[in-house]
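J.: okay, predicted coordinates and the sequence, questions at the end:
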Amino acid sequence: MMQLKDIQQLSEEDLRRLAQDPQIPVPDSLAARLEETVCAAALAQGGAEALPEGPRPEGRRLRWLWGAVPAVALASLAILLQVNRPRSLPPDAPEEAVLAYAALERAFDAFGEAATNGYKTFSNQ
Amino acid sequence: MNPEEFSQLYLPLADGLYRVAFRLLGSQAEAEDAVQDLFIKLWIGRDSLEGVRSPAAWSLTLLRNLCIDRLRVRGGTRPEAVPDDLPEPPPPERPEHFDRALQAVHRLSGRERQLLRFRLAEGLSYEEIARRTGQSPRALRVAFHRIKDKLKRQI
């Protein structure tokens, strides 16, 4: 180790010569340590906001469409079925037909409600 | 000076600077600390480095002065020729919260630290990082989002 007064008298050329001394091994971890030092200095100055957001992934808009298309199709089908379903049976319809019609009406209502709820869920995302 | 320019001009000087610091201070730990303090100083003042004609000469001069300050604080090599009425050396300049930020960086995983170094220290674009690491832009976005979340909680 050098004395303080000797260090104060070192010229630029002396320092360059010392920098190129092959007899002094450099730790392998030095480069990574210094890069992390620079990272920490940047973060200390700018907070976590110093790190910009990552790249926006391609196809994010397309993913949204893939969810919306079936929802719109289901909702359209539900509306069509509601519009086109028979409103009433003839007065002399057999009992089996009345029971089947009631079951079909309940199924239509349930399907329509499910499709509408599904459409609302996707459109709110 | 942007991070990429800083990285290209100053980080390659690290090995030579370490050798000088080791010769002046006599210990690996002290030499690493001195070079770390130097790079903090260079980073904080990087906007004024645009006019520096020789980054190597400038860095060596700053490093020598930092080593002199360390030796004065340590008081281990106070020769008789040095006057006693010299002012106390100033403490090392560090941004506020630097130590907390450094601890936060050290708590990241090895891969996350590498990504952080690519982006913040080397100033690489996401495309270049994707090329170097073989990761997709989507995977990088998720990774950087996680890194940013972790850092926000700790800094």
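T.: Okay, I see it.
J.: in chain A, what secondary structure element scores lowest on mean pLDDT?
T.: Ranking every helix and strand in chain A by mean pLDDT, DSSP states H and E puts helix A:60-84 at the bottom, with a mean of 68.
J.: what's the first helix or strand after that one?
T.: Where DSSP states H and E defines the elements, the next helix or strand beyond helix A:60-84 is helix A:95-123.
J.: please, which helix or strand holds A:Asp28?
T.: Per DSSP H and E: A:Asp28 is located in neither a helix nor a strand.
J.: separation between it and chain B?
T.: Counting by Cβ to the nearest Cβ, to the nearest Å, the separation of A:Asp28 from chain B is 11 Å. The C-beta positions use only the backbone N, C-alpha and C, and glycine is treated the same way.
J.: hmm, B:Glu30 is touching B:Ala21, no?
T.: Yes: between B:Glu30 and B:Ala21 there is a contact at 7.3 Å, judged by Cβ atoms under 8 Å.
J.: neighbour-wise, which of those two wins?
T.: Neighbours per residue, other Cβ atoms under 10 Å in any protein chain shown: of B:Glu30 and B:Ala21, the larger number sits with B:Ala21, 29 against 18.
J.: what secondary structure does the more buried one sit in?
T.: helix (DSSP: H, G, I helix; E, B strand; the rest coil).
J.: quick one: contacts for the spatially closest residue to it that is not a sequence neighbour?
T.: Of all residues not flanking B:Ala21 in the chain, B:Ala31 sits nearest, at 3.8 Å (Cβ to Cβ, 6 or more residues apart in numbering or on different chains). By Cβ atoms under 8 Å, 6 or more residues apart in numbering or on different chains, the contact set of B:Ala31 is B:18, B:21-22, B:25.
J.: and B:Ala31, what element?
T.: Assigned by DSSP H and E, B:Ala31 belongs to helix B:28-44.
J.: hmm, the very next helix or strand once past that helix in reach of chain A?
T.: Following helix B:28-44 in sequence order, the next helix or strand is helix B:55-74 (DSSP H and E). Yes: using Cβ under 8 Å from any Cβ of the partner chain, helix B:55-74 reaches chain A at B:56-57, B:60-61, B:63-64, B:67-68, B:71-72.
J.: follow-up on the earlier one: tell me the buried residues in the helix holding B:Ala31?
T.: Residues of helix B:28-44 classed as buried: B:28, B:30-44 (neighbour count, 16 or more other Cβ atoms under 10 Å in any protein chain shown).
J.: check stretch A:26-40 too.
T.: For stretch A:26-40, the neighbour count (16+ other Cβ under 10 Å) marks A:26, A:30-31, A:34-40 as buried.
J.: just for chain B, where's the confidence low?
T.: Within chain B, the stretches falling below the threshold (pLDDT under 70) are B:76-93.
J.: hmm, try it at 50
T.: Along chain B, segments meeting pLDDT under 50 span B:78-89.
J.: how is it carved up into domains?
T.: Listed by automatic domain parsing, the domain ranges of chain B are B:3-74, B:98-154.
J.: just name the most buried of those domains.
T.: Mean neighbour count, computed with mean count of other Cβ atoms under 10 Å in any protein chain shown, is highest for domain B:3-74 among the domains of chain B, reaching a mean of 19.
J.: next one: that one to chain centre, how far?
T.: Averaging C-alpha positions (Cα atoms, centre = their mean, to the nearest Å) puts domain B:3-74 8 Å from its chain's average.
J.: residue nearest the middle of chain B, spatially speaking?
T.: B:Phe39 (3.4 Å; Cα atoms, centre = their mean).
J.: gap between that one and A:Pro94?
T.: Counting by Cβ to Cβ, to the nearest Å, the gap from B:Phe39 to A:Pro94 is 92 Å.
J.: just B:Gln36 next, same as before
T.: Taking Cβ to Cβ, one finds B:Gln36 at 93 Å from A:Pro94.
J.: over to A:Gln45?
T.: 84 Å.
J.: who's more crowded, the two?
T.: A:Gln45 (15 against 9).
J.: for the helix or strand harbouring the more buried one, enumerate the helices and strands it packs against.
T.: Following DSSP H and E, one finds A:Gln45 within helix A:30-46. Using 3 or more Cβ pairs under 8 Å, 6 or more residues apart in numbering or on different chains; DSSP states H and E, the elements in contact with helix A:30-46 are helix B:3-10, helix B:14-25, helix B:28-44, helix B:98-107, helix B:110-116.
J.: please consider this matter closed, and thank you.
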